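Asker: Quick one, what's the 3D model for this:
(one chain, ligands or ions: 2)
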Amino acid sequence: MKRWTLDDIPWDKLDRSKVDRDVLAVVKAASLVEHNGGDYATYLCNVFGDDPEFQEVAKAWALEEVQHGQALGKWARIADPDFNFDAAFKRFTDGYRLPLEATSSVRGSRTGELIARCIVETGTSSYYTALGEATDEPVLREICRHIAADELRHYKMFYTHMKRYLEREPLGFFMRVKIALGRVLESEDDELPYAYFAANGGGSYERRRFSQAYIRRAYSYYRPHHVERGIAMVLKAVGANPNGWLGRFLSALSYRFMQYRVRRLAIAETTGG
Ligand SMILES: [Fe+2]
Ligand SMILES: [Fe+2]
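Answerer: Ligands and ions are numbered 1, 2, ... in the order given. Next up is the predicted model:
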């Protein structure tokens, strides 16, 4: 059962004077990726073909992801009446396809698949927390608060099943780190840049250009405490100590790197480089 619905959002309080153009652009992109969650459930049900308990959980999870897309899409449509969500979603799914026909995980094992899902939920829970705290627009803050709470719950759900699978399909520590790192790096692959392109247009699709446009905005909302919590969640997912020196070191390093990229990309955008 869903914990909240679109009716719980106070849409009449949306203040268009507080809508930032960059925030609007990333919310449009996020609405498409989230709304595509139903396809991911199809993939997970194939991969976990003999696990009806997990299939049920995956289907319920996907409904919540689709609802995230609906809420963000509705906010973007009210904030920008020229935004055509349906046309943008079609452009996105026409150009970006998940491996729906796969019957085994693209991560090499089911434990690996669940680790990758933990990484994705880490990314979304920290991202919506950061975005919600960065915006002054009250309705978007409320939407982000609901979504971030869902994403944290999703992380816990995938983590619980990952622990269960770890006993059936053991995976060494370094393999877990490799999968987690691979999924972190993948976040700069096609899905988000293509969604950014499909939602915002601007010429033909070039991965590098749209990836940079997306990252320059998305990374700018993070503050040190968002990164610290995200790193702790990643470390927990791979079986490392989430609260030790390694977490502090990686958090400081990641935050500096993100800030550096935001600065570099902002300069490149203004100079056309
Ligand atoms: Fe989501
Ligand atoms: Fe999620």
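Asker: How many neighbouring residues does P81 have?
Answerer: 9 (other Cβ atoms under 10 Å). Every C-beta, even on glycine, is put in place using the N, C-alpha and C of the backbone.
Asker: List the contacts of the closest residue to S109 other than its chain neighbours.
Answerer: Nearest residue to S109, sequence neighbours excluded (Cβ to Cβ, 6 or more residues apart in numbering): E169, at 5.4 Å. Applying Cβ atoms under 8 Å, 6 or more residues apart in numbering to E169 gives the contacts 109-111.
Asker: buried set for the helix or strand harbouring L24?
Answerer: Using DSSP states H and E, L24 sits in helix 21-35. Neighbour counts using 16 or more other Cβ atoms under 10 Å place 23-35 of helix 21-35 among the buried residues.
Asker: Same list (the residues you listed) but as a markdown table, adding distance to ligand 2.
Answerer: Listed next are the buried residues of helix 21-35 as a markdown table, based on distance: Cβ to the ion, whole Å:
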| residue | distance to ligand 2 |
| --- | --- |
| V23 | 20 |
| L24 | 22 |
| A25 | 21 |
| V26 | 17 |
| V27 | 16 |
| K28 | 18 |
| A29 | 16 |
| A30 | 11 |
| S31 | 14 |
| L32 | 15 |
| V33 | 11 |
| E34 | 8 |
| H35 | 12 |
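Asker: Closest to ligand 1 out of the residues you listed?
Answerer: Comparing these against ligand 1 with Cβ to the ion places E34 closest, at 4.7 Å.
Asker: what comes into contact with stretch 253-260?
Answerer: Residues outside stretch 253-260 that contact it (Cβ under 8 Å, 6+ apart) are 219, 222, 224, 227, 230-231.
Asker: Specify which member of those is nearest to ligand 1.
Answerer: Using Cβ to the ion, G230 comes nearest to ligand 1 of the contacts of stretch 253-260, at 15.0 Å.
Asker: and that closest one, backbone torsions?
Answerer: Phi and psi for G230, reported as degrees, to the nearest 10, are phi -60, psi -40.
Asker: how many other residues sit next to it?
Answerer: 24.
Asker: I'd guessed it sits against T122; true?
Answerer: Yes: between G230 and T122 there is a contact at 5.3 Å, judged by Cβ atoms under 8 Å.
Asker: wouldn't M175 be in contact with G112 here?
Answerer: Yes: at 7.3 Å, M175 counts as touching G112 under the criterion of Cβ under 8 Å.
Asker: higher neighbour count, those two?
Answerer: When M175 and G112 are compared for neighbours, G112 comes out ahead with 23 against 17, by other Cβ under 10 Å.
Asker: you'd agree the more buried one is up against G172?
Answerer: No: using Cβ under 8 Å, G112 is not in contact with G172; the gap is 11.1 Å.
Asker: Now tell me what touches whichever helix or strand comes after the helix holding L24 from outside.
Answerer: Counting by DSSP H and E, the next helix or strand C-terminal to helix 21-35 is helix 37-47. By Cβ under 8 Å, 6+ apart, the list of residues contacting helix 37-47 from outside reads 54-55, 58-59, 61-66, 68-69, 93, 98-105, 110, 113.
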